[in-house]
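Visitor: Provided below for reference: sequence and predicted model.
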Amino acid sequence: MYNILFSVLNSINEGVVILNENLEILFWNHYMEYLTGINKENAINNNVYKILTRLEKSYFKVALDSTIKDGRKMFFSAAMHKNLVNDKQRLNLKISKIDNEKISVVLLEFIDVTNQFERIDQLKNYIDELHILNEELKEKEKTINRLAYYDGLTGLANRTLFYKIADKFISEARRNKSLLGLMFIDVDKFKSINDTYGHKRGDEVIIQVSKILSNSVRESDTICRFGGDEFVILLPFIKSYDDCKEIVSRIINEKEKIINSENDSINIGLSIGISFYPKDGSIVDELISKADKAMYVAKSKGGNNHYFFE
């Protein structure tokens, strides 16, 4: 009968160890030989702590003592105890007592759950990869958004974004019956700068102008690079025409400050045309057209000047 039982225990893919109450090994199945590399001849009749040295930790000893004294069943999860027998397999450990008239032994069952944890690790890796992919997609979306709505050279709003913002603020100004200003700005003699100093220097001038404008406007204002050397500024929430004059003054001061600080040999001139909602138009294209015309009047007066549409 015992031979049949031991034959069955030797055939299962689970480590089985049977101990007496002195914790001496009575049975050591084939799977335990596979897990530990220790054959049964070297294991049997030895103290379990001598053979399975990793069970010498205090909580395993307490568990075994409790099982021997009280018959309490104990369970140690591979999730909490990663290296019960070796560094490769992840094993759950069940400790129980078989106690009857004929026999009183402690049964240790080492259940190999390595494959489960490998699948969990694979799933975690898959989730991590999905997270990385999601972050990459977000970055690509930001890049696409930048390309769709922002100028590549200056980082300012492009025409598409400007029209979206302008339509929103014009609708708000219409509802509130409030004033809104629009500036059309052109770099004086920009073609001459490109021809004399080259396109690279021309790009540097455009970047300088974008800094000048960005440092001059309010937080609520929107600057757009409208064309090659053309910029448009939307000025919502203004209370009077004088608010625009104040912005023009800031632009002039900022221009001088940047040019002087960088010891620039190019004297940048800016011609500015200004229109207002609702006086000069009810839609953004009308305001741009009127401000553009006013800008050309400023140019005709020698440039580096501003002019209100009349």
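Guide: Looks like it arrived, so ask away.

Visitor: who touches residue 310 in this structure?
Guide: Going by Cβ atoms under 8 Å, 6 or more residues apart in numbering, residue 310 touches residue 294. Bear in mind the C-beta positions are built from the backbone N, C-alpha and C, glycine included.

Visitor: again, only using 10 Å
Guide: Going by Cβ atoms under 10 Å, 6 or more residues apart in numbering, residue 310 touches 280, 290, 293-294, 297.

Visitor: most neighbours, which of those?
Guide: Sorting the contacts of residue 310 by how many neighbours each has (other Cβ atoms under 10 Å) puts residue 294 first, at 24 neighbours.

Visitor: Distance check, that residue against residue 284.
Guide: 15 Å (Cβ to Cβ, to the nearest Å).

Visitor: Need the mean per-residue confidence for the helix or strand containing residue 298.
Guide: Assigned by DSSP states H and E, residue 298 belongs to helix 284-300. Confidence for helix 284-300, expressed as mean pLDDT, is 96.

Visitor: Low-confidence ranges, the protein, go.
Guide: In the predicted model, the chain carries pLDDT under 70 at residues 1-3, 259-265.

Visitor: What's the local residue count around the spatially closest residue to residue 15 that is not a sequence neighbour?
Guide: Nearest in space to residue 15, with sequence neighbours left out and distances taken as Cβ to Cβ, 6 or more residues apart in numbering, is residue 110 at 3.2 Å. Using other Cβ under 10 Å, the number of residues around residue 110 comes to 24.

Visitor: Also the one 10 residues further on?
Guide: Other residues within reach of residue 120, judged by other Cβ under 10 Å, total 13.

Visitor: cool, and the one 3 residues further on?
Guide: In terms of burial, residue 123 registers 10 neighbours under the definition other Cβ under 10 Å.

Visitor: tell me the contacts of the residue nearest to residue 104 when sequence neighbours are not counted?
Guide: Excluding its sequence neighbours, the residue lying closest to residue 104 (Cβ to Cβ, 6+ apart) is residue 21, at 6.3 Å. Contact analysis of residue 21 by Cβ under 10 Å, 6+ apart lists 67-69, 97, 99, 104-106.

Visitor: could you flag which of these are buried?
Guide: When the contacts of residue 21 are checked for burial by 16 or more other Cβ atoms under 10 Å, the buried set is 67-68, 97, 105-106.

Visitor: What is the nearest of those to residue 135?
Guide: residue 67 (49.4 Å; Cβ to Cβ).

Visitor: tell me which element the closest one is part of?
Guide: Applying DSSP H and E as the criterion places residue 67 in helix 58-70.

Visitor: Over to residue 132?
Guide: Using DSSP H and E, residue 132 sits in helix 114-149.

Visitor: What's opposite residue 106 in the beta bridge?
Guide: Under DSSP bridges, the beta-bridge partners of residue 106 are residue 19, residue 97.

Visitor: returning to that earlier point: downstream of the helix holding residue 132, the next helix or strand is which one?
Guide: helix 159-176.

Visitor: And that next one, what's buried?
Guide: Across helix 159-176, burial judged by 16+ other Cβ under 10 Å covers 159, 161-162, 165-166, 169-170, 173.

Visitor: Switch those residues over to JSON lines; also include distance to residue 27.
Guide: As requested, these are arranged in JSON lines below (distance: Cβ to Cβ, whole Å):
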{"residue": "159", "distance to residue 27": "83"}
{"residue": "161", "distance to residue 27": "78"}
{"residue": "162", "distance to residue 27": "83"}
{"residue": "165", "distance to residue 27": "81"}
{"residue": "166", "distance to residue 27": "85"}
{"residue": "169", "distance to residue 27": "85"}
{"residue": "170", "distance to residue 27": "88"}
{"residue": "173", "distance to residue 27": "90"}
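
Visitor: what's the closest of these to residue 9?
Guide: residue 161 (74.3 Å).

Visitor: Make sure the closest one is actually in contact with residue 222.
Guide: Yes. Here residue 161 reaches residue 222: they are 8.2 Å apart, a contact under Cβ atoms under 10 Å.

Visitor: Right, I'll leave it there.
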